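Peer 1: Quick check, what structure comes out for this input:
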Amino acid sequence: MLLFGRLADLAGWRERTFDPTPDRLSTLKARIRADDPALGDALDGKGVQAAVDKAIVRGDAALRPGGEVAFLPPMSGG
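Peer 2: Numbering: from 1, shown residues only. Now for the predicted structure:
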């Protein structure tokens, strides 16, 4: 799992492996929330996006062992 921007700053890490791999994005987020409630809240924050295997997903999604999950903070443009 990868975190970017302020999410990585908040967590204190950028990359982490979960073993075994959760089967759903919602399960992964629940595990993160159990370990770090503040990070769990941030992942559910407005504008935060999740990508599974480099594709942005909306809502819940299936995860596969060895797959990549990334959480992206809200982006601002200029």
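
Peer 1: Which parts of the protein are helices?
Peer 2: 6-11, 25-35, 37-43 (DSSP state H).

Peer 1: so how far is the first one from its chain's centroid?
Peer 2: Relative to the centre of its chain, helix 6-11 is centred 11 Å away, using CA atoms, centre = their mean, to the nearest Å.

Peer 1: buried sites along it?
Peer 2: The neighbour-count check on helix 6-11 (16 or more other CB atoms under 10 Å) flags 7-8, 10-11 as buried. (C-beta placed from N, C-alpha, C; glycine too.)

Peer 1: Pipe these into JSON lines and attach pLDDT and distance to Gly45 per row.
Peer 2: Formatted as JSON lines, the buried residues of helix 6-11 follow (pLDDT from 0 to 100; distance: CB to CB, whole Å):
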{"residue": "Leu7", "pLDDT": "97", "distance to Gly45": "9"}
{"residue": "Ala8", "pLDDT": "97", "distance to Gly45": "14"}
{"residue": "Leu10", "pLDDT": "96", "distance to Gly45": "10"}
{"residue": "Ala11", "pLDDT": "97", "distance to Gly45": "13"}
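
Peer 1: so which of the residues you listed comes closest to Val69?
Peer 2: Leu7 (12.2 Å; CB to CB).
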